[in-house]
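S.K.: this is a predicted model, with the sequence first.
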Amino acid sequence: MFSRALHGRQALCSGLPRAAKALQRRARRVDLDAASFLPRAGSFSSPSSSSSSSVPLEVPLPGLPELEHSRLLGDLPGFAQALGKACRVGDGGAGCFLVTGLPPRLQDLHEELLETARAFFARPAEEKALVDYRQSPQFRGYMWQGAENTAGRVDEREQIEFGREETLLQIEKEASGRLFDRLRGPNLWPQTPPTLRPLVTAWLHEMEELSLGLTRALALSLGLEAEALDHYFQAPHLQAKLVHYPQPSLASYTAQGEDGLGLGVGAHSDSGFLTLLLQDEVGGLEFLDSSGGWVPANPVKGSVVCNLGEVVQLMTRGVYPATVHRVRRPSLKASQGLGRISAPFFWNPSLNQEIEPLNLPGATPPKLVGRLGESQNRMLRSYGMNAFKSLARSHPTVFARHHPDLTCMSDGQVVRRDGER
Ligand SMILES: O=C(O)CCC(=O)C(=O)O
Ligand SMILES: [Fe+2]
């Protein structure tokens with residue numbers, strides 16, 4: 001999907017011990033505090049080679065712009081201005097940003113969620129198979145390592161996927177009669193650890209609220225009314241995952257070295273509106289900048305990474321491009337044998353929404369290197385049908401098993417085999 005040449009740069013801190021990384025993070029935070037919370041243009045070019053001994057601790061690490069959560073509540077116009085700067089990739093923005101300084105309540109929830117995810121993935125394979133996603137017409141549940149691929153390569157990760165919990169009765173009452181209603185339904189909840197269900201439920205609720213605030217800031221940053229996009233999210237189609245990137249074997253580490261370990265998930269952009277991503281301390285997430293270089297999204301305590309999806313790109317005619325990202329396999333040093341845990345939350349429009357480009361006079365899309373053109377990655381205007389298309393294409397056997405009356409056409413449309421709508 002993306003050219004191999006783009007995979008060249010190494011995350012600056014991947015070879016550093018945890019204590020040094022913590023110190024570096026502190027150095028970067030101090031520097032940013034002094035310069036206010038606005039991103040610094042031109043701060044994203046990482047040197048093509050580095051070693052732990054050649055990186056002085058007082059030099060701030062390249063990183064993503066940091067937007068203080070408290071300003072989202074207390075100074076929406078100021079927050080929106082910083083968000084706009086971060087999303088305008090051609091003007092030196094990173095195309096994504098961190099929301100930092102989350103309230104302690106949310107930080108605690110995030111810590112517990114990461115711990116619980118780690119406990120779930122440590123359970124025996126037979127137990128995880130009880131919530132195997134192949135049982136779910138909504139493509140939710142546990143996916144073992146190798147079940148999914150991105151950019152033509154098998155992903156080196158296992159994951160459990162959730163959506164909004166809905167009973168069949170609820171869905172029947174509100175059914176639109178469209179095929180995408182089939183993506184609504186119940187989750188497959190593991191019995192162990194028992195804390196997983198309440199934690200994931202609380203997390204979805206919190207992320208929904210945060211996402212709506214960010215949507216309003218994004219609308220303001222485009223020169224629209226803050227609530228101008230709210231109607232897209234009356235019944236948002238939520239998707240969320242707990243993900244484990246296992247530690248590569250010692251043999252592969254020895255044979256290939258840290259640089260040769262490859263990717264946990266290949267370069268891609270997310271298909272929804274925006275993604276809020278929680279990650280543990282290990283690192284490995286990287287973003288593509290406007291010139292085709294990779295920028296590490298180093299973990300920052302008390303924050304989430306926010307990246308933009310293809311719906312935003314379509315709505316803004318590319319003025320805010322979807323963020324291309326990938327994940328390196330966990331380095332032996334950083335993950336200390338445990339692998340990496342992340343928790344992406346995907347904020348998507350309601351299934352029944354048609355996505356049309358907004359009227360943004362005077363705004364022009366940036367020139368970008370190393371991305372797919374619209375013709376190679378065409379989005380269907382119906383958000384719901386586009387979501388169904390993505391799932392059907394990624395998981396053809398689950399699609400065939402639960403939706404035998406449907407077929408996925410070469411243009412991506414999911415239709416009834418008998419031709420009825
Ligand atoms: O695990 C991560 O950090 C990123 C995951 C991701 O990009 C995805 O699942 O779409
Ligand atoms: Fe992603």
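M.R.: That came in fine, so what should we check first? Ligands and ions are numbered 1, 2, ... in the order given.
S.K.: output the below-cut-off pLDDT ranges for the protein.
M.R.: Low-confidence segments of the chain (pLDDT under 70): 1-62, 255-260, 372-377, 420-421.
S.K.: which parts of it sit against ligand 1?
M.R.: Contacts of the chain with ligand 1, taken as C-beta under 6 Å from any ligand atom, map to Val243, Val265, Asp270, Leu277, Gln279, Leu285, His325, Val327, Ser342, Pro344. Quick note: C-beta positions are derived from backbone N, CA and C, even for glycine.
S.K.: give me the sheet partners of the helix or strand where the fourth one lies and which way each runs.
M.R.: Pointing back at Leu277 there. For Leu277, the enclosing helix or strand under DSSP states H and E is strand 274-279. Strand 274-279 has its sheet partners listed here by DSSP bridges as strand 304-308 (antiparallel), strand 340-347 (antiparallel).
S.K.: how close does the residue of the chain found nearest ligand 1 sit to Leu242?
M.R.: Closest to ligand 1 within the chain is Ser342: 3.4 Å, counting by C-beta to the nearest ligand atom. Using C-beta to C-beta, to the nearest Å, one gets 8 Å for the distance from Ser342 to Leu242.
S.K.: Thr100 - how many residues pack around it?
M.R.: Applying other C-beta atoms under 10 Å, we find 20 other residues in the vicinity of Thr100.
S.K.: identify the farthest-apart pair in the residues of the chain next to ligand 1.
M.R.: Greatest spatial distance among the residues of the chain next to ligand 1 (C-beta to C-beta): Asp270 and Gln279, at 14.9 Å.
S.K.: and the residue of the chain closest to ligand 1, what does it touch?
M.R.: When contacts are counted by C-beta atoms under 8 Å, 6 or more residues apart in numbering, Ser342 touches Leu242, Val243, Tyr245, Leu277, Leu278, Gln279, Asp280, Leu285, Val327.
S.K.: that one pairs with what?
M.R.: Using DSSP bridges, the beta-bridge partners of Ser342 come out as Val243, Gln279.
S.K.: picking up where we left off before, just the buried ones out of the residues of the chain next to ligand 1, please.
M.R.: The neighbour count (16 or more other C-beta atoms under 10 Å) marks Val243, Val265, Asp270, Leu277, Gln279, Leu285, His325, Val327, Ser342, Pro344 as buried among those.
S.K.: which residue, neighbours along the chain excluded, lies closest to the last one?
M.R.: Just to be clear, that refers to Pro344. Nearest non-adjacent residue to Pro344, counting by C-beta to C-beta, 6 or more residues apart in numbering: Leu277, 4.6 Å away.
S.K.: and the one you found, what does it touch?
M.R.: Shown in contact with Leu277 (C-beta under 8 Å, 6+ apart): Leu285, Val304, Val305, Cys306, Asn307, Ser342, Ala343, Pro344, Phe345.
S.K.: residues near the last one, how many?
M.R.: Applying the criterion other C-beta under 10 Å, we find 23 residues in the vicinity of Phe345.
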